[in-house]
Structures are given as structure tokens and as C-alpha cells.
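> below are the sequence and a predicted model; questions follow.
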Amino acid sequence: QVQIVESGGGLVQPGGSLTLSCAASGFTFGNFAMGWFRQAPGKEREGVSCISSSVGHRYYADSVKGRFTISRDNAKNTVSLQMHDLKPEDTGVYYCAAGGLLLATRCTVPEGDYWGQGTQVTVSS
């Protein structure tokens, strides 16, 4: 049974930092690309950052380049997203996803095979 569980969301002031974590089980984690997506109220879900199975490739949306860092630990079946200099427009529900090779390069919703339930991130003063 596939399980993907996100944690680490919360309320943070603009300019602050948060680290999101994703724990996965029920599939061969090291064979899957992983990614973080977010969905703001009234907007479509969008790719934030994705990473290949071997950590050889990372994708970042232009809006988060230089502020967010994705990493994964294949021994622990976890993937993390370090977020710095957070802005109000980073607010949304953040989802962790697992997918095939194309997830790491395209980082788009259709490439996600398995999804978590999401964790809320709110950036507000």
C-alpha cells in the first residue's frame, strides 16, 4: 500500500524559513523521481521542485530558484524541501508526489503517479 505523508507546514512571516518533509512507503522509493507541488486558493496545482531518483537532476520553478532547495535520502525514503525568504505568494497547500523519469524534468502534475494529502504553508505577517 503506497503511503506519502507530508509534514512541516505552518504559519511563517515573510522572509522566514520552513522545511517540509515527505515520508514515503509501499513502493521502491529509489526508483522514483520525487517532487513538491503547491496549490494556492483558486489556482491550479503547480510544480515547485522535483528531483530525479539518483539525485542527478533537480528542477526548480523560476519563482523559487535561489530560495528553495530539494533533497532526498534514499536510505530513509524521504524527500525534503528547504524554503527560505518566504513570500506571501508562496502560500498554499504543498503536496509531495512520486513519479517516473519525466517528473524530474517536467515537474508537472500529470507526471505524478502517487500523491500525499498535502500540508498547509501560510506566509503572512
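Sure, I can see it. Numbering: from 1, shown residues only.
> from here on, contacts and neighbour counts on C-alpha atoms
OK.
> any chance of the backbone angles for E6?
In terms of degrees, to the nearest 10, the main-chain angles of E6 are phi -90, psi 150.
> mind listing what it touches?
By CA atoms under 8 Å, 6 or more residues apart in numbering, the residues touching E6 are L20, S21, C22, A23, Y95, C96, G116, Q117, G118, T119.
> pairing partners for it in the sheet, please.
For E6, the beta-bridge partners are C22 (DSSP bridges).
> distance of it from G118?
In this view, E6 and G118 are 6 Å apart by CA to CA, to the nearest Å.
> re earlier: buried ones among the contacts of E6?
Buried members of the contacts of E6, scored by 16 or more other CA atoms under 10 Å, are L20, S21, C22, A23, Y95, C96, G116, G118, T119.
> any idea which helix or strand in the protein has the lowest mean pLDDT?
Between all helices and strands in the chain, the lowest mean by mean pLDDT, DSSP states H and E belongs to helix 101-106, at a mean of 93.
> tell me which other helices or strands that one touches.
On a contact count with 3 or more CA pairs under 8 Å, 6 or more residues apart in numbering; DSSP states H and E, helix 101-106 meets strand 33-39, strand 46-51, strand 58-60.
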